[in-house]
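Participant: Give the three-dimensional model of this entry:
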Amino acid sequence: MSETLAFDTAKTYFSFSSATRTNAIIHAIKQIPLVSRLLPMNVYANKGLKTFARVLAVISEPTRLLLGKFIYFAFIAFTAVAHSVLVEDGPIEILPNCALLTFLLFTLAGGFMNLPLFSYSRNLFTAVRSLRMEAKSVMLSYYLYAEATAYVSSLPFTLLLCWLGGLPLWIGVIAPLAPIGMKALVAAFIISHFNRTGVFIPPTKLFGKATTPLSMVLLLAGYVSSIAGFALPLIICVSFMLFITVAGAAVFAIPLRLSPAKFQRLAKEFMTSARADLSATQSSVAQASKSHAAITSLNTSQVGKGRISQLQGLAYLNALFMQRHRKILWRSALRFTAASAAIMVGLIVLAVIFPEPFNDIDYAFSSIAFIMYFVNRGTGFTQALFMNCDHALLTYPFFKKSGMILHLFVLRLRDIVLVNLPTALVIGFGFAVLLGLGNPARPLFDYAIAFFATLLFSIFFSVHYMAMYYLIQPYNAASEQKSALYGIVQAVTYFACWGLIQVHLPLVFLGTLSLGFCAIYCVVAGVLIYRYAPQTFRIKA
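Facilitator: Numbers count the residues shown, from 1 in each chain. Down below sits the predicted model:
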């Protein structure tokens, strides 16, 4: 009877998820400019549009899975050929040992960063907390579904890489099991710890504050090791992969053995932890009147201390926001700075011990835009702005005037540039040192170009994220990111940075190009924000 009830609960949850995905596609279509004007008023009741969205929902799931795995394994393949092509200037050839080492390091990082059993979604929260579905049936069914589809979608690419790299195909069959085993180990540890202590530890905090930097180090180590040509013997890689798989299989049943009552408490702790930051920001509405007074007041000398007390209007509001949310805004940026410093020190040590792979690393500078894309804290910054400030202030018409929007945009842009600056300084300085170690005879102008171009890319992404925030404003009244156009722009930016890696532009040319592009982009962004932000910068339904 319990198995039947669990099956029915899982079936109901997947039906609910399918319906919400269909409605989400209709909502996304409504957000596309021009297209929304062609749609009927009752779009959610229109049978033809509903059928079309349902078909897209069915197609999108395997497409999403296959596309995600294609990008993932294409990146691994790129790192496996990069050393032979870029460093040794040889033929395009996949180095199987490099590919396996990169795959294993990525697998270790993925166990902490992407665990389906504790992957928060609004559907999960609604099903368990609002619709009162049994948490164990819902979460485990999604977990098993995610792992099964991950294996099926990975298998074609692992077999292809083994065939291209000259490895036995049986390695390609068992390789996708290693990530499943790694995630099973992490899930088993979290559940066992909760069963003993009643305390839930999120996967991203398994080692405390060091978890995220450790994951980033593993990801970058996988990339850098292949570029530098480092690899482990095949027998070691395969043995470690088999060990993770067998160990994961041994503990895979631990989540299944947890009683439904304890699983319900675990789910509550997990969801409370996942929504903690969002819940903490609801006080922004209560602070709306204070923010309004801060903007319109002519004398704020009695409302603050130090430098902030000397500011007025928007400058005071922005400085007050930065002061009150300093920990939120700077915490992740400083962690990325520390991780970048550790990686750069490691690369410098490798360049001293093994100088040959670093003799000519100008080609690697083409990846600087891709690196700055990932380390830029623009998304977190704009999300904090909306949830803790603009969510309330956008209810006032005066806050949406062109002059006020542009003025506040400039103030916030200055602050986000400062937040991202430490990481850019570390990466720029580290790359300049690597250039000097690789070829001390190069002109000083090359070092300056490498250093300042890194800073320019950091500034560009700061401007880019702020411009997208004002021109698209992807967040709805519940502070959720709901904008198809925002996702499209992010995808285009990602693939543009990825494409820049393949071009391998000369160092001087890329540095000069980044200078001109950043200057033009800043001017264009300012003009567009002044012209269109009064209509686009609003709370979405």
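Participant: what's near enough to touch the closest residue to Ser18 other than its chain neighbours?
Facilitator: Excluding the flanking residues, the one nearest Ser18 by C-beta to C-beta, 6 or more residues apart in numbering is Ala57, at 6.4 Å. Any C-beta I mention is one placed from the backbone N, CA and C, and that applies to glycine too. Going by C-beta atoms under 8 Å, 6 or more residues apart in numbering, Ala57 touches Ser18, Arg21, Thr22, Ile25.
Participant: Filter these down to the buried ones.
Facilitator: For the contacts of Ala57, a neighbour count by 16 or more other C-beta atoms under 10 Å gives the buried set as Arg21, Thr22, Ile25.
Participant: could I get those residues as a markdown table with distance to Gly487?
Facilitator: Formatted as a markdown table, the buried ones among the contacts of Ala57 follow (distance: C-beta to C-beta, whole Å):
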| residue | distance to Gly487 |
| --- | --- |
| Arg21 | 14 |
| Thr22 | 17 |
| Ile25 | 12 |
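Participant: Among the residues you listed, name the ones in helices.
Facilitator: Arg21, Thr22, Ile25 (DSSP state H).
Participant: tell me the pLDDT at the first one?
Facilitator: By that I understand Arg21. Looking at Arg21, its pLDDT is 76.
Participant: What does the pLDDT read for the closest residue to it other than its chain neighbours?
Facilitator: Among residues not flanking Arg21 along the chain, Ala57 sits closest, at 4.6 Å (C-beta to C-beta, 6+ apart). For Ala57, the model assigns a pLDDT of 77.
Participant: Against Phe14, how distant is Ala57?
Facilitator: From Ala57 across to Phe14, the span is 12 Å (C-beta to C-beta, to the nearest Å).
Participant: cool, and Thr272?
Facilitator: To Phe14, Thr272 is 25 Å away according to C-beta to C-beta.
Participant: more crowded one of those two?
Facilitator: Neighbour count, other C-beta atoms under 10 Å: between Thr272 and Phe14, Phe14 has more, with 15 against 12.
Participant: Thought Ser137 was touching the more buried one, still the case?
Facilitator: No. With contact defined as C-beta atoms under 8 Å, Phe14 does not count as touching Ser137 (11.0 Å).
Participant: re earlier: looking at the buried ones among the contacts of Ala57, spot the one nearest Phe457.
Facilitator: Phe457 lies nearest to Ile25 out of those, by C-beta to C-beta, at 34.1 Å.
Participant: how about low-confidence regions in the stretch 251-400 of the chain?
Facilitator: Counting by pLDDT under 70, the stretch 251-400 of the chain shows low-confidence ranges at 274-311, 356-364.
Participant: Please repeat the previous calculation with a cut-off of 80.
Facilitator: By pLDDT under 80, the weakly predicted segments of the stretch 251-400 of the chain are 271-329, 331-332, 346-347, 350-367, 380, 383-384, 387-400.
Participant: same question, the stretch 401-541 of the chain
Facilitator: Checking the stretch 401-541 of the chain against pLDDT under 80 turns up 401-403, 436, 438-446, 475-485, 487-488, 498-515, 538-541.
Participant: Now with 90, please.
Facilitator: 401-420, 424, 427-541 (pLDDT under 90).
Participant: That one: helices as residue ranges?
Facilitator: Using DSSP state H, counting those that start in this stretch, the helices found in the stretch 401-541 of the chain span residues 402-438, 444-472, 484-503, 507-536.
Participant: which residue is nearest the middle of this protein?
Facilitator: Geometric centre of the chain, nearest residue: Phe374, 7.2 Å, by C-alpha atoms, centre = their mean.
Participant: element containing it?
Facilitator: Using DSSP states H and E, Phe374 falls within helix 368-375.
Participant: list the helices and strands that helix packs on?
Facilitator: Packing partners of helix 368-375 (3 or more C-beta pairs under 8 Å, 6 or more residues apart in numbering; DSSP states H and E): helix 402-438, helix 444-472, helix 484-503.
Participant: By neighbour count, which bits of the second one are buried? Give me those.
Facilitator: Residues of helix 444-472 classed as buried under the neighbour-count rule (16+ other C-beta under 10 Å) are 446-447, 449-451, 453-472.
Participant: cool, the shortest one as well?
Facilitator: Of the residues in helix 484-503, those buried under the neighbour-count criterion (16+ other C-beta under 10 Å) are Ala484, Tyr486, Val489, Gln490, Thr493, Cys497, Trp498, Leu500, Ile501.
Participant: go on, the first one?
Facilitator: Using 16+ other C-beta under 10 Å as the burial criterion, the residues of helix 402-438 that qualify are 404-409, 411-413, 415-417, 419-438.
Participant: Would you mind giving the orientation angle of that helix with respect to helix 368-375?
Facilitator: Here helix 402-438 runs at an angle of 120 degrees relative to helix 368-375 (axes from the mean of the first three to the mean of the last three C-alpha atoms, to 10 degrees).
Participant: mind starting the numbering at 581 from now?
Facilitator: In the new numbering, first residue 581, that becomes helix 982-1018.
Participant: okay, the angle between helix 982-1018 and helix 1087-1116?
Facilitator: 160 degrees.
Participant: could you say what helices and strands helix 982-1018 packs with?
Facilitator: Going by 3+ C-beta pairs under 8 Å, 6+ apart, helix 982-1018 lies up against helix 893-904, helix 906-933, helix 948-955, helix 958-965, helix 1024-1052, helix 1087-1116.
Participant: Report the buried residues of the helix holding Phe954.
Facilitator: For helix 948-955, burial by neighbour count (16+ other C-beta under 10 Å) applies to Ile948, Ala949, Phe950, Ile951, Met952, Tyr953, Val955.
Participant: Likewise for stretch 1101-1109?
Facilitator: Under the neighbour-count criterion of 16+ other C-beta under 10 Å, stretch 1101-1109 has Cys1102, Ala1105, Gly1106, Ile1109 buried.
Participant: ok, of the residues you listed, which one's closest to Lys649?
Facilitator: Lys649 lies nearest to Ala1105 out of these, by C-beta to C-beta, at 34.6 Å.
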